[in-house]
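Enquirer: coords please:
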Amino acid sequence: MPMTRDEMIALFQIGVAAADPEAAVRASLKATPLPAHDRLFIAAFGKAACAMTRAALSVLPAPERALVVTNYENATSLDGAKVLAAGHPVPDDNGLRAGEAMMSLLADAKAGDRVLVLVSGGGSALLPAPVDGVSLEQKAAVSRLLLGAGLDIVAMNAVRQHLSRLKGGGLLRHAAPAPVTALILSDVIGDDLRAIASGPTVAPILPRTEVVEMLKARGLWDELPDAAQTALGHPEDAAQAQSADNRLIGSNRKSLDAMAAAMPDARILSDALTGDVEQAAQMVVASVKRRVPLALCGGETTVQLRGTGRGGRNQELALRVANALDGHGGWRFLSAGTDGRDGPTDAAGAIVDGETCARIRAAGGDVAALLANNDSHEALRLSGDLLITGGTGTNVADLQILSVSGL
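Expert: Numbers count the residues shown, from 1 in each chain. From the prediction side, this is the model:
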């Protein structure tokens, strides 16, 4: 028999625990203490911002100021820090105000001070800080356009960096002349620091000219708001930002390794399950047909939005696997986000099996129509296969578990 649903959830939680932001921050600061400084400023943002700040406050002297910006689900009060909640994945007015507050904090730091930046996934949307001439609504429209077009996180952030005052090294310019140390929890496959939270403490992914070329090649340029086109058409910034002490303290691969260590028979099938969910589903289905007993994957797929339904990349991936293997027994598949949220839904993902589609039909659902409408959340609600964990306080992209006993 394949793993039970509860066994899969337990293994998934091992992966989540391996990305514990508090443990990662404490370990980094213990191994490499911050250089001597006058005053300490803490700037934290992302889905793991509260947990990362809690750890920093527990091991460092009291900061002059500490500002934390996170998503609504993960927001919690912290002694010694101001916590602001904002929208994700689409920026909102609270995010705009948080961006202004963050720039105000950075402006207070002087040459003898130290700015400790705590970065985790989701930080890009949580701190919109649009450039002059671009409104929050226009920047949000760009985010929705890029999401709907199925761009991966690196391509999306390459665009968003040039529409923000904080991304693509912008934070460093606001913190100057104070030196910056950044502890970074990666939600990007391959751990490109320029792409994590749109790289606030590193150089941009692409120059503006190449971003424009990419958007034109994908047929998206003419769909951008005029103000965004104007901003992307500006000359490159002449001044070079100072460099930061950037430290990668957690990643998807570390979570995969922890899961594999807990299950010696497991095989890491892919540590870069990326691209469109249709292709990703085909790889999972092929593994089932090859009867790979226990396979683990990590990554972050993309979804082409063609309908008006609700869902997320993990839910749609799981539903596509279930549809392709409809009626075949002896397998079970989990796909979920380590942050506990998949798209604009309350689910982290789903756990499906060979009877998932039958349960959807029995509840009155049409699997093909639901898939065509990108309504994976409704389909998996009908089958009872949603995985709802609540916010986890961390974010290192997605994890998948495939268990097969035979067909």
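
Enquirer: where do the strands sit along this structure?
Expert: Assigned by DSSP state E, the strands in the chain fall at 40-45, 65-71, 82-86, 114-119, 180-185, 245-250, 267-276, 294-302, 331-337, 349-353, 386-387, 398-404.

Enquirer: tell me which of those strands sits nearest to D237.
Expert: Nearest to D237 among these is strand 180-185; the distance by C-beta to C-beta comes to 17.4 Å. (Each C-beta comes from the backbone N, C-alpha and C, glycine too.)

Enquirer: which strands or helices does the closest one pack on?
Expert: The helices and strands touching strand 180-185, judged by 3 or more C-beta pairs under 8 Å, 6 or more residues apart in numbering; DSSP states H and E, are helix 21-31, helix 49-59, strand 114-119, strand 245-250.

Enquirer: among the ones you listed, which is the most enclosed?
Expert: Sort these by mean neighbour count, taking mean count of other C-beta atoms under 10 Å, and strand 114-119 sits at the top with a mean of 27.

Enquirer: report the buried residues of stretch 304-324.
Expert: Neighbour counts over stretch 304-324 (16 or more other C-beta atoms under 10 Å) mark 309-324 as buried.

Enquirer: check those residues and tell me the two furthest apart.
Expert: That would be R310 and A324, which, of those, are the farthest apart (C-beta to C-beta) at 21.7 Å.

Enquirer: coming back round to it: dump the helices and strands packed on strand 180-185 into JSON lines; add mean pLDDT and distance to L206 as well.
Expert: Below are these laid out as JSON lines (pLDDT from 0 to 100; distance: least, C-beta to C-beta, whole Å):
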{"stretch": "helix 21-31", "mean pLDDT": "96", "distance to L206": "29"}
{"stretch": "helix 49-59", "mean pLDDT": "97", "distance to L206": "26"}
{"stretch": "strand 114-119", "mean pLDDT": "98", "distance to L206": "20"}
{"stretch": "strand 245-250", "mean pLDDT": "95", "distance to L206": "19"}
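
Enquirer: mind showing which ranges of the stretch 1-150 of the chain have poor pLDDT?
Expert: Scanning the stretch 1-150 of the chain with the threshold set as pLDDT under 70 gives no residue ranges.

Enquirer: could you tell me how far L146 is located from I205?
Expert: Here the criterion is C-beta to C-beta, to the nearest Å. By it, L146 lies 13 Å from I205.

Enquirer: residues in contact with the residue nearest the centre of the chain?
Expert: If you average the C-alpha coordinates of the chain and look for the closest C-alpha using C-alpha atoms, centre = their mean, you land on G121, 4.3 Å from that point. The neighbours of G121, taking C-beta atoms under 8 Å, 6 or more residues apart in numbering as the test, are 46-48, 185-188, 196-197, 339, 395-397.

Enquirer: which one of those residues has the most neighbours?
Expert: Of the contacts of G121, A48 is surrounded by the most neighbours, 35 neighbours in total, counting by other C-beta atoms under 10 Å.

Enquirer: so P2 is in contact with I401, correct?
Expert: No. At 10.0 Å, P2 and I401 do not qualify as touching, with contact defined as C-beta atoms under 8 Å.

Enquirer: okay, those two: which has more neighbours?
Expert: For P2 and I401, the more surrounded residue by other C-beta under 10 Å is I401, and the numbers stand at 25 against 22.

Enquirer: which residue, neighbours along the chain excluded, lies closest to that one?
Expert: In space, not counting the residues next to it along the chain, I401 is nearest to L334; the distance is 4.4 Å by C-beta to C-beta, 6 or more residues apart in numbering.

Enquirer: D398 is in contact with the one you found, correct?
Expert: No. The pair formed by L334 and D398 falls short of the contact definition of C-beta under 8 Å, at 10.2 Å.

Enquirer: in terms of neighbours, single out the busier of the two.
Expert: Neighbours around L334 and D398, counted as other C-beta under 10 Å, are more numerous at D398. The numbers are 29 against 25.

Enquirer: for the more buried one, give the beta-bridge partners.
Expert: With DSSP bridges as the criterion, D398 is bridged to G299, G337.

Enquirer: let me know the pLDDT of it.
Expert: The confidence metric pLDDT takes the value 97 at D398.

Enquirer: wait, it touches G299, no?
Expert: Yes. D398 lies in contact with G299 (C-beta under 8 Å); the separation is 6.1 Å.

Enquirer: can you list residues touching both of those two?
Expert: Counting by C-beta under 8 Å, 6+ apart, the shared contacts of D398 and G299 are 252, 273.

Enquirer: okay, and the common contacts of L334 and D398?
Expert: Taking C-beta under 8 Å, 6+ apart as the criterion, L334 and D398 both touch G349.

Enquirer: picking up where we left off before, can the strands of the chain go into TSV with extra columns for distance to M214?
Expert: As requested, the strands of the chain are arranged in TSV below (distance: least, C-beta to C-beta, whole Å):
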stretch	distance to M214
strand 40-45	26
strand 65-71	28
strand 82-86	27
strand 114-119	24
strand 180-185	25
strand 245-250	25
strand 267-276	17
strand 294-302	15
strand 331-337	26
strand 349-353	29
strand 386-387	34
strand 398-404	24
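
Enquirer: name the helices or strands packed onto the longest helix that the chain contains?
Expert: Secondary structure of the chain read by DSSP state H shows that its longest helix is helix 93-108. Packing partners of helix 93-108 (3+ C-beta pairs under 8 Å, 6+ apart): strand 40-45, strand 65-71, strand 82-86, helix 123-126, helix 136-148, helix 170-175.

Enquirer: pick the most deeply packed of the ones you listed.
Expert: Ranked by mean neighbours (mean count of other C-beta under 10 Å), these are led by helix 123-126, with a mean of 29.

Enquirer: export stretch 274-281 as CSV, just CAs?
Expert: Presented in CSV, the C-alpha positions along stretch 274-281 are these (Å, rounded to 0.1, in the frame of the first residue of the first chain):
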residue,chain,number,x,y,z
THR,A,274,9.7,24.0,-12.4
GLY,A,275,7.9,25.1,-15.5
ASP,A,276,4.2,24.6,-16.5
VAL,A,277,2.1,22.4,-14.3
GLU,A,278,1.1,20.3,-17.3
GLN,A,279,4.7,19.2,-18.0
ALA,A,280,5.3,18.7,-14.3
ALA,A,281,2.3,16.5,-14.0
